[in-house]
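Peer 1: I'll drop the sequence and a predicted model, then ask my questions.
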Amino acid sequence: MIPRVLLRAALRAVPAEWRDNVERDLLEEPFAGPGRRACQALSIGLRLRIARARDLVPAPRNWRITLMREFTRDLTFAVRGAIRRPGYALAIIATLSIGIGANTAIYSVFNWVLFRPIPGASAPSELVTILFQTNSRQGQFFVSYADVADLRDGVPALASIAASVPLKLNISLPRMSDPERADAEMVTANYFGLFGAKPSLGRDFLPQEERPLAGTPPAVISHAWWKRRYGSSPSVLGQTVIVNGHAFTIVGVAPASFQGRSLIVATSVWLPVGAHSQVVPNAGAGLLSDRRTTLFGDAFGRLRPQATLAAAQEQASAVATRTPGFAHRTPGSKNPISPVVYSGIGQNTFARDRLVTIFRLVMGAVGLLLLLACANAANLLLARSLGRRREIAVCQALGASRLRIVRQHLAEGLLLAAAAGTGGLAIATGLTALFDGMRLLSFLPAVHGITPDARVIGFTSAMSIGTGWVFAIVPALASSRVDLNTSLRAGLTISRGGSRLRSALVIMQVAISMLMLVCAGLFARTLSNLRALDLGIRPAGVVSFSADPRGQGYSNARARQYFDAALTRLRAVPQVQSAAFSVTTPYLPGRSEIGFAPPGATTPHDAAVNNVSRGYFATMGIPLLAGRDFTDAESLPTAADRDVAIVSQSMARLLRRDGAAVGSRVVLDYPKGKVLEVIGVVGDVRGRPLTAAPEPWLYRPASESTGGVVHVRTAAPLSDAVALIRRIARELDPALLPYDIEPLSASLDRILAEERLLARLSGVFAAVAALLATVGIYAMMACAVGERLREFGIRAALGAHSVRLLALVLRSSLTATSVGLGLGVAGAFAATRILESRLYGVRPMDPVTIAAGCAALISVAVLASVLPALRAVRVDPVRSLRAE
Amino acid sequence: MRARELLGEVEQLVLLVILRLGEGTYAVPIRHELKRNGVELSRGSVYVTLDRLERKRYVRSWFDGPTPEPGGKARRCFAIERDGIAALRANQKLLRRLHAGTLLGPQS
C-alpha cells in the first residue's frame, strides 16, 4: 500500500496532462524496489516541468479560454452561495457599500473641482494653462495684453493661445429694474475657438474686437443666462444688455455645456478685451498697448497634434527671453517672471495646492474607512467559510486543489464587492448632495450640481475590484488550509486559528476607529478653539455691504460722494447705532500691505493698511485705547487728506517700546518718505492665518478711497437692515447695485471653511468607523459564543455562575478591544504628527481626546458583546450536554 | 512556411522511432525500440522530448481508452505530423550536405 501512496504523491510533480499517462506507463514496466517507481515518477515530473520552464513555450491548451471558463464557473458558484445565505451576503454588501460609497463621494467631489476636464471643451486633453511664475515656479503674476500677444505669435507648438480675466460685474437688461451681480469674463477674440465651444446661437468674437471699441460693443451670453433672462428666445441676438452702466449688443449665445474657464464658477457673460474701457473704466487707455499695464493672470493654449508640452515650454521661454520687457523683466533681473506651461485647465495654483492637500488628507481618512469595512467583511466571510468547513473539506477530498478553493473564495469576494460597488455609487450620490452649496475653501465659491462622470465610475470599479481581493484573500487562505481529517469528522472542533484571525481583524478595526476618533476629536477641538478666538472685533449686529461706483462709470469725486451720501443717510436712521466705510475688511480677501519705519530707524516693517472713515472702530467694536478717532473733516471722502494715522496696538509697540505711540511719527515706504502723525491707538485684530500673532495695522483716513465696504451697526433684525440698505442704495442710484449684503459674522465665519470641512468630515467618518467596529465586535463575539456554546453548557452544568460566564465573554471582547486601542493610540501618535500644522490650541496627543476616544470604544465594545454574552449565559446545560 | 529550428539529437531519434513504430505508439515501446538499437535513454528524457515535440507540433497525441480495471488510466498515443516529417527531411538534407566531400577516414 505504501508504494502506491508514495507513487501518488510523486505523481503530483508531473504536469496534469501527463500524469495519468506516466502512471500507466510506469505500472507497465518492471521495477526492482517498491520506492523505485515513485522516484521515477518524481524525476519524470521534475524534468518535464524544468524542460517546459526552460523552453517557455506556452502550454498546448489555450489558457485564456480555460481561465475564462473556470472563472465563470467560480462566479456562478458564488452567486448560488450568496443566494443560499442572503443574510451574510447582504451584511457584507452593506458594510462594503458604506466604505466604497464614502470613497466615491469624496472622490467625486474633488473630481468635480479638481480633476475633471473643462466642461464643453472639445479634446480637453490638448488644452494647457500658461501661468506666469518666477524661476522657482512660485506664485502667479499678472502680465500685460502685449505679453500674451507675443506668446501667441511665438509658440508654434500651440495651435492658439487665448486669455481671459474673470470679473464680477453689474448686469441688467434695459427697462428691467433689478440689476444682478454676475460672473463675467473679458476675453481675447479667439477664446471660444480655443475651447472649441461653437456658439449655439449667433457668433463669438471677431479678431478686430480685440482693439478698443466704441459704441455698443458685442457680448456673448451663457446658455443658462439666456434661458433664465430671455426664456431661450431666439430674438435675443441684437438686443442690448447693460454691463456696468454701458450698453452691449448680444451677438451670440454660448453652447449649453460650456460654462467658461472655471470648474466651479459658471460665467454668465463674455466681453471682448476691446471693450475694456467700458468694462473697467479706470484702467487707462493704454491697457492693450502698454507693456507695463497688467491684465491677465494666466493664458490658455491648445497643443498641436504632434507637439509636446516640453516643446511648448521651450518656445514660450524663448519668447520671454528674447522679448525685452516681457512680464516686467528688467535686464539682469535675478528672478524674472517666465511663462510656465501646465497641462489641463483648472483652479489657480494656490487653490489647487490647498485643495490637493485637503484631498489627500480626506482620501487618507476614507481609505482607512474602506480598510475598516474590508476587515469587517473579511470577518463575516471568515465566519461564513468556517461554517462551510465541511463543504470545503469535501471539495478537497474530491480532489479540488488549494488554489481552486482560494480562487473560489476570491470569486465570491469579487461578486460581493461588485454588488457593493453598485450600492456604493448609490450611497455616494446621496452623500455628494450634502456637499452641494458648500464652500471647500474660504475663497472659492460654493460648489453646485456635482455629478459622477466616467472617471468616478472607473474609480469606483477599480476600488471595488481591489476591495474584493483585499477582503477575500485572508478568509480564502485561512479556509483553504483545512485539515481534512478533523473537518470531515462530525465537525465538532473549534478552530483556534479561525478565532485568532477574527480577533486580529477586530483589533485592526478598533485600532483604525480609535485613530479616526482621535483625529476627529482633534479637528473638532481645533475648530471650536478657533471659533472661540477673540478676533478683536465684535461682529454681532453688524451688517456689511459693498458697492463699486467706479465700475459703474462714476468719476472718483462722484464715487466719494456716493459713499459720503450713503453714510449720512444711514446714520440718520434711528435704529442705526453707527455706520462706517472701509476699503477692506480684516480677515477677508483684498487687503494690502505697506512698509513703514519709525523716523530715524533703519529696519522697515510691514503693516496691513486700511483706509477707514470716522466711526469705523466703534462700528466694528475695535476698542480705542489712546488718542482719538478720525474726525469727519479728516475722513469724509470730500475732505482733504491730512497726514494722520491710527495704529493698532502691536504697531504702536513697534513705534515705541512702551506702546504710547500717540504723537509719534511714521515714515512710509510708499509714497517714499511720507510722514504720518499717529493720532490714536486701537486694539489689535488677529493675523492671517487666525492662529498667527496679531499683525500691525495702519489705518488712514478714507478720504481718497473710491470703492470698498460699508459696515452698519444696528439693533434691527437682519431682514430689516438688508431692506434699509437696499432702499437707501436705490434712492442714491437705482442702477448701482449694492452686493454681498450680509452680516459680518457670516462672512467672518467663512474664513473657517476649511477647518469646518475637515472637522465635519472627520466627525462623520469617525462615527461610521465606530459603527463598523461595533458590528465587527458583535460578529466576532456572536461567532465565538456560537462555537463555544457546548463549553458554556458544561461550565454551567459544573456550577459556573452566570456572572462568571458573562465575565468570560466580556473579557475576551475587552481584551481584543484594549489591544486595538493600544495600537490605535500608537497609530494616532504617528498620524497626528502629520496633522500638527492643522491643529490649534490642542496638542497632537491630547489626553482628553484620547481618553474620550477610549471611553467611547470601550462602551461600544461592551454594548456589542452584551447580546452574545447573554446568549452564553442563557444556554441550557441539559440540552447542550445531550447533544454531546 | 515557418522557419524551423534544428532538431535536437534525441528529438531526431524519437521522431524516427515514432515513424518506424507507426501511428498509435507510446512512451514505453519508444524507449524499448531505442534500447534495442543501442541507445539508452532515461524515461524522463523520453517524456520531455515527446512533450516538446508535441508543443512544436511535430507529433500529435490522443488518449486511447482506459484499462478495464477500476480507476484505470488512459494511455497517450503518438503519431508523427507533417511538420515532423518535414523537419526530419530538412535535417537529413543538412547532414548530407555537410557530409558531402568530407572524408571521415577508416573506421577504427
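Peer 2: Happy to help now that I have it.
Peer 1: which residues are contacting the helix ranked longest in chain B?
Peer 2: Using DSSP state H to define each element, chain B has its longest helix at helix B:82-99. Contacts to helix B:82-99, defined as Cβ atoms under 8 Å, 6 or more residues apart in numbering or on different chains, come from residues B:4, B:6-7, B:12, B:15-16, B:18-19, B:53, B:56-59. Quick note: C-beta positions are derived from backbone N, CA and C, even for glycine.
Peer 1: again, only this time at 7 Å
Peer 2: Residues outside helix B:82-99 that contact it (Cβ atoms under 7 Å, 6 or more residues apart in numbering or on different chains) are B:4, B:7, B:12, B:15-16, B:53, B:57-59.
Peer 1: Also stretch A:723-734?
Peer 2: Contact with stretch A:723-734 is made by A:543, A:545, A:547, A:562, A:565-566, A:569-570, A:573, A:712, A:736, A:738, A:741, as judged by Cβ under 7 Å, 6+ apart.
Peer 1: Let me know the average pLDDT across the longest helix of chain B.
Peer 2: Helix B:82-99 shows an average pLDDT of 89 in the prediction.
Peer 1: In space, what's closest to residue B:58 - neighbours in sequence excluded?
Peer 2: The shortest distance from residue B:58 to any non-neighbouring residue, by Cβ to Cβ, 6 or more residues apart in numbering or on different chains, is to residue B:84 (3.4 Å).
Peer 1: ok, which residues in chain A are in contact with chain B?
Peer 2: Proximity of chain A to chain B is confined to A:18, A:20-25, A:28-29, A:40, A:43-44, A:47-48, A:51-52, A:55, A:57, A:60 under the rule Cβ under 7 Å from any Cβ of the partner chain.
Peer 1: Among the contacts of helix B:82-99, which one is most surrounded by other residues?
Peer 2: residue B:53 (26 neighbours; other Cβ atoms under 10 Å in any protein chain shown).
Peer 1: thinking again about what came up before, next, give me the two most distant ones among the contacts of stretch A:723-734.
Peer 2: Within the contacts of stretch A:723-734, two members stand farthest from each other by Cβ to Cβ: A:573 and A:736, at 19.5 Å.
Peer 1: out of the two, which sits in the busier spot?
Peer 2: Neighbour tally, residue A:573 and residue A:736, criterion other Cβ under 10 Å: the higher count belongs to residue A:736, 21 against 16.
Peer 1: mind listing which of the residues of chain A next to chain B are in helices?
Peer 2: Using DSSP H, A:18, A:20-25, A:28, A:40, A:43-44, A:47-48, A:51-52, A:55 are the members of the residues of chain A next to chain B that sit in helices.
Peer 1: Would you check that residue A:711 makes contact with residue A:620?
Peer 2: Yes - with contact defined as Cβ atoms under 7 Å, residue A:711 reaches residue A:620; the gap is 6.3 Å.
Peer 1: what do the two both touch?
Peer 2: Both residue A:711 and residue A:620 are in contact with residue A:542, where contact means Cβ under 7 Å, 6+ apart.
Peer 1: give the contact list for residue B:50.
Peer 2: Listed by Cβ under 7 Å, 6+ apart, the contact set of residue B:50 reads B:14, B:27, B:59, B:78.
Peer 1: let's see 8 Å
Peer 2: Applying Cβ under 8 Å, 6+ apart, the residues near residue B:50 are B:14, B:27, B:30, B:59, B:61, B:78.
Peer 1: and it, what helix or strand is that in?
Peer 2: Secondary structure assignment for residue B:50, by DSSP states H and E: helix B:43-55.
Peer 1: and what of residue A:647?
Peer 2: Element membership for residue A:647 (DSSP H and E) is strand A:644-648.
Peer 1: what does residue A:579 give?
Peer 2: Per DSSP H and E, residue A:579 falls inside strand A:576-582.
Peer 1: Flag every residue of chain B that's near chain A.
Peer 2: Contact residues (Cβ under 8 Å from any Cβ of the partner chain) of chain B with chain A: B:26-28, B:42-45, B:47-48, B:51-52, B:54-56, B:63, B:67, B:72-76.
Peer 1: 10 Å - rerun?
Peer 2: Contact residues, chain B versus chain A (Cβ under 10 Å from any Cβ of the partner chain): B:26-29, B:31-32, B:42-52, B:54-57, B:61, B:63, B:66-67, B:72-77.
Peer 1: Flag the shaky bits of the chain, pLDDT-wise.
Peer 2: Defaulting to chain A. Low-confidence regions of chain A, defined by pLDDT under 70, span residues A:1-3, A:32-34, A:55-62, A:175-178, A:281-285, A:347, A:482-498, A:636-642, A:883-884.
Peer 1: if you could check chain B rather than the one you did, that'd help
Peer 2: Judged by pLDDT under 70, chain B has its weakly predicted residues at B:1-5, B:67-71, B:106-108.
Peer 1: Now stretch A:550-560: buried residues?
Peer 2: The neighbour-count check on stretch A:550-560 (16 or more other Cβ atoms under 10 Å in any protein chain shown) flags A:550-554, A:559-560 as buried.
Peer 1: Reformat those residues as TSV; add secondary structure and distance to residue A:124.
Peer 2: TSV is the format used below for the buried residues of stretch A:550-560 (DSSP: H, G, I helix; E, B strand; the rest coil; distance: Cβ to Cβ, whole Å):
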residue	secondary structure	distance to residue A:124
A:550	coil	37
A:551	coil	33
A:552	coil	37
A:553	coil	38
A:554	coil	41
A:559	helix	42
A:560	helix	46
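Peer 1: From the residues you listed, pick the one nearest chain B.
Peer 2: Nearest to chain B among those, counting by Cβ to the nearest Cβ, is residue A:551 at 79.4 Å.
Peer 1: Run through the residues that contact that closest one.
Peer 2: Contact analysis of residue A:551 by Cβ atoms under 10 Å, 6 or more residues apart in numbering or on different chains lists A:167-170, A:243-245, A:279-282, A:559, A:707, A:736.
Peer 1: likewise residue A:766?
Peer 2: A:365, A:369, A:513-521, A:523-524, A:853, A:856.
Peer 1: for the residues you listed, which one is nearest chain B?
Peer 2: Nearest member of the contacts of residue A:766 to chain B, counting by Cβ to the nearest Cβ, is residue A:369, at 50.3 Å.
Peer 1: so the closest one is in which element?
Peer 2: Element membership of residue A:369, judged by DSSP H and E, is helix A:349-387.
Peer 1: what does residue A:249 give?
Peer 2: Assigned by DSSP H and E, residue A:249 falls within strand A:246-253.
Peer 1: ok, that strand: who's next to it in the sheet?
Peer 2: Strand A:246-253 has the following sheet partners, assigned by DSSP bridges: strand A:201-202 (antiparallel), strand A:218-221 (parallel), strand A:240-243 (antiparallel).
Peer 1: ok, residue 76 - how many residues close by?
Peer 2: With no chain named, the answer covers chain A. 12.
Peer 1: The intended chain is chain B.
Peer 2: Neighbour count of residue B:76, defined by other Cβ under 10 Å: 21.
Peer 1: Likewise for residue A:810?
Peer 2: Residue A:810 is flanked by 19 other residues according to other Cβ under 10 Å.
Peer 1: Over to residue A:459?
Peer 2: The local packing of residue A:459 (other Cβ under 10 Å) involves 19 other residues.
Peer 1: who's in contact with residue A:749?
Peer 2: By Cβ under 10 Å, 6+ apart, the contact set of residue A:749 is A:442, A:531, A:539, A:742-743, A:756.
Peer 1: State the distance from it to residue A:652.
Peer 2: 29 Å (Cβ to Cβ, to the nearest Å).
Peer 1: Is residue A:195 in contact with residue A:162, as I believe?
Peer 2: Yes - using Cβ atoms under 10 Å, residue A:195 makes contact with residue A:162 at a distance of 7.9 Å.
Peer 1: Who has more neighbours out of those two?
Peer 2: residue A:195 (26 against 21).
Peer 1: ok, now which ones touch the nearest residue to the more buried one once chain neighbours are set aside?
Peer 2: Spatial nearest neighbour of residue A:195, chain neighbours left out: residue A:121 (4.4 Å); criterion: Cβ to Cβ, 6+ apart. By Cβ under 10 Å, 6+ apart, residue A:121 lies in contact with A:127, A:194-197, A:257-258, A:261, A:300, A:302, A:345.
Peer 1: Okay then, goodbye and thanks.
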